[in-house]
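Undergrad: have a look; sequence and predicted model below, questions after that.
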Amino acid sequence: MKKIILTGDRPTGPLHLGHYVGSLKNRVALQNTGDYDEMYVFIADTQALTDNFKNPKKVHDNVIEVMLDYLSVGLNPEKVTFFIQSKIPQLCELTMYYMNLVTLSRLERNPTVKQELIQKNFENSIPVGFLTYPISQTADITAFEATIVPVGEDQLPMLEQAREIVRSFNNIYGDTLVEPVALIPDSKVCRRLPGTDGKAKMSKSLGNCIYLKDDSETVKKKVMSMYTDPNHLKVTDPGNTKDNPVFIYLEALVEESHFEKYLPDYKTLDELKAHYEKGGLGDVTVKKFLYNVIEEVLEPIRERRKYYEDNLELVHNYLQEGTKKAEAKAASTLAKVKKSMLIDYKDIM
Ligand code: TRP
């Protein structure tokens, strides 16, 4: 069986450090192994509209932002096919057919959807399009016969739902669709980066994100005002590193060489943590170190971003070319689906 990697993001805002450690870094690593037959990374504008249908301009403008983020982190258009979801009409058609295979109660049970419904306060006026986005996501995945879907942890229920739909389809209509598996980071800290305010998740609406496109000054401000251990008042006080986002970020990002370069008194994160926990290590020292570590990560990302911002026609080109290729692939899958469902009518027309 072919190894096909596919994933995407909703264009609702620029991507942040949580996206980077939770998924983007994984994708670049996968791309660089070269161990795959096809790789697709797309911008899920159709899905973004399911809860942003009143804000078309926001979705439109963030398509290019997200594409710039993709290229900035090092995804390579020679290795990856990029496309815009709404430009692939076959995805809507597949969604329509998959809808028959899913019950309303199954959708309502999806933990990610459930949580989002509460967050968004839809109460008794849930838009049908929103509730059914896991079905459309299954179309995204299966249209490209994806076998591996690198995503954040919150997407696991979507993949479970996709697998169910695939099994159900193949059961009824015969072996047609390919069952995908999710790929999430090995490291637990990378799966969900807390916000700079210590809240559970980096989230645009909470204003607690460090964006990949933030400039150096902005990052410094954000890091230096990060939430730490509220009981670590004096330098000599023993500190907590466990629920402390400064240490969690370090855990997700730090490399040995960073110590040599920026904090040579310590060799490992464990040493640094031990000192903080014992007392005698100030927040400012740790934050300055974290700032340097984040800058090491963001500097090359910013540089690439600048290049692509200055060469936007290149970026447009990648999307145009990728979208063409993607549509051909989706059309081929759709043809198989319709044949299996006996709606290709080759016998009649
Ligand atoms: N649900 C994903 C997110 O919120 C975006 C997405 C849409 C996606 N379709 C997909 C991810 C297919 C992986 C595969 O970020």
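TA: Now that the structure is in, tell me what you want to look at. Just so it is clear, the structure is predicted and the values come from calculations on it, not from any experiment. Numbering: from 1, shown residues only.

Undergrad: rest of the way, CA atoms for contacts and neighbours
TA: Fine.

Undergrad: tell me which residue of the stretch 51-200 of the chain lies closest to the ligand.
TA: Gln137 (4.3 Å; C-alpha to the nearest ligand atom).

Undergrad: what's the local residue count around that residue?
TA: 21 (other C-alpha atoms under 10 Å).

Undergrad: packing partners of the helix or strand harbouring it?
TA: Taking DSSP states H and E as the definition, one finds Gln137 inside helix 133-143. Packing partners of helix 133-143 (3 or more C-alpha pairs under 8 Å, 6 or more residues apart in numbering; DSSP states H and E): helix 45-52, helix 90-99, helix 156-173, helix 312-340.

Undergrad: which bits of the protein sit near the ligand?
TA: Proximity of the chain to the ligand, by C-alpha under 6 Å from any ligand atom, involves residues Thr7, Gly8, Asp9, Arg10, Ala44, Gln137, Asp140, Ile141, Val149.

Undergrad: one more time with 8 Å, if that's ok
TA: For the chain, the residues in contact with the ligand (C-alpha under 8 Å from any ligand atom) are 6-10, 42-44, 47-48, 134, 136-138, 140-141, 149-152, 155, 158-159.

Undergrad: show me which of those are buried.
TA: Neighbour-count burial within these applies to 6-10, 42-44, 47-48, 134, 136-138, 140-141, 149-152, 155, 158-159; the criterion is 16 or more other C-alpha atoms under 10 Å.

Undergrad: give the contact list for Lys288.
TA: The contact partners of Lys288, taken as C-alpha atoms under 8 Å, 6 or more residues apart in numbering, are Val223, Met224.

Undergrad: where's it, which helix or strand?
TA: helix 283-310.

Undergrad: mind listing what's buried along that helix?
TA: Quick answer for helix 283-310 (16+ other C-alpha under 10 Å): 283, 286-295, 297-298, 301-302, 304-305, 308-309.

Undergrad: which residues of the stretch 101-250 of the chain fall in strands?
TA: 148-150, 181-183 (DSSP state E, counting those that start in this stretch).

Undergrad: so in that sheet, which strands flank the helix or strand where Val41 lies, and in what orientation?
TA: Element membership of Val41 [criterion: DSSP H and E] is strand 38-43. Each strand paired with strand 38-43, and its direction, by DSSP bridges: strand 4-9 (parallel), strand 81-84 (parallel).

Undergrad: can you list those strands in a markdown table and add mean pLDDT and distance to Lys220?
TA: Shown next, in a markdown table, are the strands paired with strand 38-43 (pLDDT from 0 to 100; distance: least, C-alpha to C-alpha, whole Å):
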| stretch | mean pLDDT | distance to Lys220 |
| --- | --- | --- |
| strand 4-9 | 98 | 27 |
| strand 81-84 | 98 | 32 |
